[in-house]
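Asks: Model the following, please.
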Amino acid sequence: MKHAFTKIPKSTLYKEAEEEALQKWQNEWTTTPKAAATRQYFHKVQDRLRSKIKLTPKMTAVLTGHGMTKAYLHRFHLREEATCSCGEENQSMNHILFHCPNTSGQRETLNKANRNLASK
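Replies: Numbers count the residues shown, from 1 in each chain. Model (predicted):
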């Protein structure tokens, strides 16, 4: 009895395994109730994998919402109030990065850099 096997290149097997793993990871990423702060910046796992951001302890704190903001410190009763110095809302990472008028200049610079990267 002869067996007919088709030779599949290792590179194809690796690529298929990688795609399957990414699909599973994306499904977990999308459905988990955790990591909501990080999902604001990286909607898809591929977004994070393609980014050129160097993950330092400070950057990790920003992306996970654990930075030393007034809102974070207030949550642990280390500050009496959480209001941002702009007076508009609580000083969270989301506020600082997306809404605070005090950081609008830096936000525009970052957005412009992101648009330039996306157009390449």
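Asks: hey, C-alpha coordinates of the host helix or strand of residue 111 in CSV?
Replies: Element membership for residue 111 (DSSP states H and E) is helix 104-118. Extracted C-alpha coordinates of helix 104-118, given in CSV (Å, rounded to 0.1, in the frame of the first residue of the first chain):
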residue,chain,number,x,y,z
SER,A,104,-3.3,70.0,22.3
GLY,A,105,0.0,71.1,20.8
GLN,A,106,1.8,67.8,21.6
ARG,A,107,-1.4,65.9,20.5
GLU,A,108,-1.3,67.6,17.1
THR,A,109,2.4,66.9,16.6
LEU,A,110,1.8,63.2,17.4
ASN,A,111,-1.3,63.0,15.1
LYS,A,112,0.7,64.7,12.3
ALA,A,113,3.6,62.2,12.7
ASN,A,114,1.0,59.3,12.7
ARG,A,115,-0.6,60.6,9.5
ASN,A,116,2.8,60.8,7.9
LEU,A,117,3.6,57.2,8.8
ALA,A,118,0.3,56.0,7.6
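Asks: wait, doesn't residue 37 sit right on residue 95?
Replies: No: taking contacts as C-beta atoms under 8 Å, residue 37 lies outside contact range of residue 95: 11.9 Å. From N, CA and C alone the C-beta is placed, and that goes for glycine too.
Asks: out of those two, which sits in the busier spot?
Replies: Between residue 37 and residue 95, residue 95 has the larger neighbour count (other C-beta atoms under 10 Å), namely 21 against 16.
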